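Undergrad: turn this into a model:
(chains A and B)
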Amino acid sequence: MSQDRLHVLLIPALQAAFQQLFDHVATPEAFTFQATRPEFEGDVTINVFPFLKISGKGPEPTAQAIGVHLQANVEVVERFNVVKGFLNLKIADGYWIDFLQNTGDQDLLQLPSTGKEVMVEYASPNTNKPLHLGHMRNIFLGHSVSRILEATGNKVVRVQVINDRGIHICKSMLAWQKYGKDETPESNGLKGDKLVGKYYVEFDKAMKQEVQDLIASGTPKEEAEKQAPILLEAQEMLRKWEGNDPDVRALWERMNGWVYAGFNATYERMGVAFDRVYHESETYVLGKNDVLEGLKKGVFYEKDGAVWVDNTKEGLDEKVLLRSDGTSVYMTQDIGTAIKRFEEFPGLSRLIYTVGNEQDYHFKVLFLILKKLGFPWANELHHLSYGMVDLPTGKMKSREGTVVDADDLMEEVVQAARTSGEQLSKLDEFSEEEKAQLFEMIGMAAVKYYLLKVDAKKRMLFDPAASIDLQGHTGPFIQYTYARIKSLLRRTEDLVKNASSQVPSTVLSEELEVIKLLHHFPAVLSGSAMALDPSSLANHTYELVKAYNGFYQSVPVLKEEDPIKRDFRIGLSRAVALATKKAMWCLGIEVPERM
RNA sequence: GGUCCCGUAGCUCAGCUGGAUAGAGCACCUGCCUUCUAAGCUGGCGGUCGUUGGUUCGAAUCCAACCGGGAUCACCA
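TA: The predicted structure follows:
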């Protein structure tokens, strides 16, 4: 169902035209519309080339015939012209004026409820290292998609899975035991996740040293990498953890507690939250029974004591689901966790996993397995797959220390916003606290918008200089436009009371351009939701405020003497502010009242 | 090697359910603050849409091959 009200108006008329002119029954999908190119007169263009077989005429006569019919039968079609096979329709100014008038102060970007409940998983960090730039793309994406789904009428459950178990956390624990000297976040003021991450690095260093020593004493490299004493010790610790050793468990809880405190601080600054947090220490036991059940049903098979699934018919491979010793693999717990989620949330109709595209194959296999197990919801699973974030220096590699830390980056962008803001010296009446709030908003808008404006599916380059830019196609640019409108609206409070109930009879081209972008916004939002793609929404928001800036520059609002025109422009400005604020909300970005 | 993704202006990206002369931002050059916030607005420069074929009235968009880049294919997570 199209969200574009003009298309909704035109399609039945076109169907009637085809019936009458060509004796042909056309489906609504047969018609596509495009915006008329600026060099021709008109607002909407229909390309008639696809209809030549139906009409049995050449392009011009076909377009001409349809145009005549539409003009006669659709009130808002004022005029039309034909250029080659293109039928350009001029929509009456009254249509656009009515649209704006009727929209008034309602939320253009809140679509009717679907009655559906959707789960969105994002973030999903490991507890051995702090969040970095890659997580930021993941988190902002997942958060924005959640908001977009809410704006399109869904109930959303936000979840994350924290990978809190396994060899990686044992490495941090062991290194802390050995070298930590009881260092805690409280004792040294280091954020908990940073502290634990520090010992993960310590472990790595110690192990490298041991491996080198072993190689020096004649052990082959491969052997050395498996036999480093500290690694064996970490593996022993993992076994103790699995055996519920009280000391190991206590240390594990303590250190994970530090990490969670650290993560929560980071999430808070990011402005994101979760309704339900899963821990792998709980979910890693799931799935085993489901796999055995599938084995019984003949969906899976046994070979060499292990349980396998054969996906070769579907163009994929065979895959182990239970090892010959009966233990689980990663896939096993993902099967179990998905099942558990639909049990826990019986109203759930969709489940969206925000995970990097290096796991495309994993999710293909997972979804296929769940389909084979016969779960009715298996067709409503989506992998929201996103590309890696590269640095100008190349790929981010934790081993080479080229990872961009999330906390550091947020601090940098906020500082950059402060530097530029103070240079402009227009915030003199702001208190220190208000300034701090504003710079926080601007800095965060810069990074978030920078990461969200690019199509999530694609790998992207993170240019630190560009990410703190406040000009051009950026979040702060949009914020600035919003703040400027708000400033304008603040001066109209007394005017609003006795605002004219009359409307102008015509619109200026600058006004029209803005109105059309507003008009199209719900369709963009709905497309964004369908494709789980915030970038299209981000780009449209930019186009809207850019057009508004053009209008603002050349058309007086408060200085307009004709009260009818003035009030109309105030209404237009208010509508743009409203839509911008909501669109930015969908992106997880706040907008300031002044800046 | 099998499978999947990506190649558009100097740089970063839109456009991709086929449609008119391929668009933005940054950078560079240029003009606009006694008028509603110049974090803004004008104008200019800049393109064999990776290459070659094919389908079509029409291809950046669809198909194939090739070139270049990346990911993935463990009884790892």
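Undergrad: every contact and neighbour count from this point should use C-alpha atoms.
TA: Noted.
Undergrad: do a quick rundown of the strands in the stretch 101-250 of chain A.
TA: Under the criterion DSSP state E, counting those that start in this stretch, the stretch 101-250 of chain A contains strands at A:117-121, A:155-162.
Undergrad: again, but for the stretch 451-595 of chain A
TA: A:460-461.
Undergrad: show me the shaky parts of it.
TA: Within the stretch 451-595 of chain A, the stretches with pLDDT under 70 are A:495-500.
Undergrad: switch the cut-off to 80
TA: A:493-501 (pLDDT under 80).
Undergrad: and for the stretch 51-200 of chain A?
TA: Where the stretch 51-200 of chain A drops to pLDDT under 80, the residues are A:104-105.
Undergrad: how about the residues of it by RNA strand B?
TA: A:83, A:84, A:86, A:87, A:88, A:166 (CA under 7 Å from any atom of the strand).
Undergrad: wasn't the fifth one part of a helix?
TA: No - going by DSSP: H, G, I helix; E, B strand; the rest coil, the assignment for residue A:88 is strand, not a helix.
Undergrad: ok, back up a step: mind putting the strands of the stretch 101-250 of chain A into TSV with distance to residue A:469?
TA: Shown next, in TSV, are the strands of the stretch 101-250 of chain A (distance: least, CA to CA, whole Å):
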stretch	distance to residue A:469
strand A:117-121	30
strand A:155-162	31
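Undergrad: kindly compare burial across the ones you listed and name the winner.
TA: Of the strands of the stretch 101-250 of chain A, the one with the most neighbours on average (mean count of other CA atoms under 10 Å) is strand A:117-121, at a mean of 23.
Undergrad: only whichever of the residues of the stretch 51-200 of chain A next to RNA strand B are buried, select them in ChimeraX.
TA: Buried members of those, defined by 16 or more other CA atoms under 10 Å, are picked up in ChimeraX with:
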select /A:86,87,88,166
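Undergrad: which of the residues of the stretch 51-200 of chain A next to RNA strand B lies closest to residue A:257?
TA: Lowest distance from residue A:257 to these (CA to CA) belongs to residue A:166, with 15.9 Å.
Undergrad: so what touches the helix or strand that contains residue A:96?
TA: Using DSSP states H and E, residue A:96 sits within helix A:93-103. Contacting residues not belonging to helix A:93-103 are listed as A:76, A:503-507, A:512, A:515-516, A:519, A:571-572, A:575 [CA atoms under 8 Å, 6 or more residues apart in numbering].
Undergrad: out of the residues you listed, list just those in helices.
TA: Counting by DSSP state H, the part of the contacts of helix A:93-103 found in helices is A:512, A:515, A:516, A:519, A:571, A:572, A:575.
Undergrad: show me the contacts for the last one.
TA: With CA under 8 Å, 6+ apart as the criterion, the residues that contact residue A:575 are A:100, A:103, A:104, A:105.
Undergrad: could those residues go into a markdown table alongside distance to residue A:135 and neighbour count?
TA: As requested, the contacts of residue A:575 are exported to a markdown table (distance: CA to CA, whole Å; neighbours: other CA atoms under 10 Å):
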| residue | distance to residue A:135 | neighbour count |
| --- | --- | --- |
| A:100 | 40 | 19 |
| A:103 | 38 | 16 |
| A:104 | 39 | 15 |
| A:105 | 37 | 13 |
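Undergrad: for residue A:551, state which of those is nearest.
TA: residue A:100 (15.8 Å).
Undergrad: how much space separates the closest one from RNA strand B?
TA: 19 Å (CA to the nearest atom of the strand, to the nearest Å).
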